[in-house]
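Trainee: next one to model:
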Amino acid sequence: MKRKKALKFACFAAAVILAAGAMGGIFLHFDGIEAELLETSVEPASWSQPSEEALDAAADFSLQFFESCRTKEYVNSCVSPLSAYLALGLTANGADGDTLSQMETLLGGGEGTLPMVNETCRALMELLPMDESGGTIHLANSIWFQDTGFEVMDGFLETNQAYYNAQLYRADFSDKEQLARDVSRWASNQTDGLIEEFLEPDEISDLAQLMLLNATLFDVKWEEKIEKDQVYDDTFRSYDGQEREVPFLHSDGDYLEEPGLYTGFRKRYEGSCVFVGLLPSGGRTPEELAAQLTPAQLRNLAGTRQGKARGVFPKFRIEQEISLDPGLREMGLVKFFFKDGANFSRMFPSTANRYGVGAADQAVFIDVNENGTKAAAVTRIEMIGSAAVSAETSVLVELDRPFLYLILDTNTGLPLFMGAVNQLS
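Mentor: Residues are numbered from 1 along each chain as shown. Next up is the predicted model:
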């Protein structure tokens, strides 16, 4: 997975027919993608505002996911809980037995069911996207499967079309070079070129039969513009005590505080999202702070306000690629992977334990600057098989040492992206 220069976002169109019991369609070349793109006649599912229970469950997943993705101490990080949640939701529609129970527990907060997860994801697919002069938020899902000698359950595909607007691709999985090019091109198209060469041929298992992907793009300007004279160098003290002069942004916003836990600053983007930066209290690291947040505290960051603040925060840019395999096991998906006896009998019309997840990974990019923020994530799940303060007072909040940051949607209180800045150069 690598990032190269940006490409312009592409739109697509295709026409195919879903016959009873079999997928059929015409062969299309979509902006350099050789795989066969299928568009079914499945109608989108109806949707409504998610319940508080469902949003709390998604917030709990977000915090667990951030914690599970910690690979090293004191490094800069960025993950997209939203991208992972949607990709796992796609996958859950093929699960059964213990595998499904574990996924429902993780995604539904212990008491949730797969229908609740699907309904939550359906709502997020409607509530979050934005395409205005102030910016773009784009969500896309796709399912890629072997083109010959391989069957996928129609119900699995139809559910993911109805709730996730999933694009369907049939591809030759034996041609790893072309498959990697196609998947990488799809990832680039959906992230406006922020993530390119997402998949390398040697990252595809010889036993791979199907892939599920989510792409999330956030490219939004600040609601209140930061002028050039509001950007100047200041000192950032890294986790190791070293001091470095880096460009800082100065802007008005909202003051946030949880006594003994954090002080923070929030700045609005165009649309419904906000940037939140939290300075840990009591000698905590940003990661330790995140581990102590409750789902309710996380969601409240998007709406609570203790007064005005003058925020001082650094420009930063982070790129990260991470395997999700160990983290998902830590989060309770012990019957998720192929070698652990996974049950995806609602995905494939064969024996229950024949298929399972071979690999799960995520690539993320974020750039916070005076214009706004550009961020993107692509999450891939590969299936393998044996056969194949007062309002009048403005408080100064300086994020000049390691801090936790989040991009939150104010309608749901859920994070699209979150991470930690521990050092700058």
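Trainee: could I get the pLDDT score of D233?
Mentor: What the model reports as pLDDT for D233 is 96.
Trainee: quick check: the gap between the nearest residue to it once chain neighbours are set aside and L424.
Mentor: Using C-beta to C-beta, 6 or more residues apart in numbering and skipping residues adjacent in sequence, the residue nearest D233 is E245, 4.8 Å away. Any C-beta I mention is one placed from the backbone N, CA and C, and that applies to glycine too. Shown here: E245 relative to L424, a distance of 9 Å by C-beta to C-beta, to the nearest Å.
Trainee: just S46 next, same as before
Mentor: In this view, S46 and L424 are 46 Å apart by C-beta to C-beta.
Trainee: identify the contacts common to E245 and L424.
Mentor: Taking C-beta atoms under 8 Å, 6 or more residues apart in numbering as the criterion, E245 and L424 both touch F236.
Trainee: have a look at this structure and report its longest helix.
Mentor: Criterion DSSP state H: the longest helix present in the chain is helix 52-68.
Trainee: that one - what's its average pLDDT?
Mentor: Helix 52-68 shows a mean pLDDT of 97.
Trainee: okay, it in PDB with CA atoms only?
Mentor: Taking Å, rounded to 0.1, in the frame of the first residue of the first chain, the C-alpha atoms of helix 52-68 are listed here in PDB:
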ATOM      1  CA  GLU A  52     -29.200   6.000  21.000                       C
ATOM      2  CA  GLU A  53     -28.400   2.400  21.900                       C
ATOM      3  CA  ALA A  54     -27.100   1.800  18.300                       C
ATOM      4  CA  LEU A  55     -25.000   4.900  18.400                       C
ATOM      5  CA  ASP A  56     -23.600   4.100  21.800                       C
ATOM      6  CA  ALA A  57     -22.700   0.600  20.400                       C
ATOM      7  CA  ALA A  58     -20.900   2.200  17.400                       C
ATOM      8  CA  ALA A  59     -19.100   4.600  19.700                       C
ATOM      9  CA  ASP A  60     -18.000   1.700  22.000                       C
ATOM     10  CA  PHE A  61     -16.700  -0.100  18.900                       C
ATOM     11  CA  SER A  62     -14.700   3.100  17.900                       C
ATOM     12  CA  LEU A  63     -12.900   3.300  21.200                       C
ATOM     13  CA  GLN A  64     -12.200  -0.500  21.200                       C
ATOM     14  CA  PHE A  65     -10.900  -0.300  17.600                       C
ATOM     15  CA  PHE A  66      -8.600   2.600  18.400                       C
ATOM     16  CA  GLU A  67      -7.200   0.800  21.400                       C
ATOM     17  CA  SER A  68      -6.700  -2.500  19.400                       C
END
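Trainee: what are the ranges of the helices in the stretch 1-150 of the chain?
Mentor: Using DSSP state H, counting those that start in this stretch, the helices of the stretch 1-150 of the chain run over residues 52-68, 81-92, 97-108, 114-127.
Trainee: looking at those, which is closest to K315?
Mentor: Comparing the helices of the stretch 1-150 of the chain by their distance to K315 (C-beta to C-beta), the top pick is helix 52-68, with 22.2 Å.
Trainee: who does the closest one touch, helix- and strand-wise?
Mentor: Counting contacts by 3 or more C-beta pairs under 8 Å, 6 or more residues apart in numbering; DSSP states H and E, helix 52-68 packs against helix 81-92, helix 97-108, helix 114-127, helix 286-292, helix 295-300, helix 325-330, strand 415-421.
Trainee: with mean pLDDT, mean neighbour count and distance to A363 added, can I get the ones you listed in TSV?
Mentor: Supplementary listing: those in TSV, determined by pLDDT from 0 to 100; neighbours: other C-beta atoms under 10 Å; distance: least, C-beta to C-beta, whole Å:
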stretch	mean pLDDT	mean neighbour count	distance to A363
helix 81-92	98	26	10
helix 97-108	97	21	21
helix 114-127	98	21	20
helix 286-292	96	19	20
helix 295-300	96	19	24
helix 325-330	96	17	15
strand 415-421	96	26	13
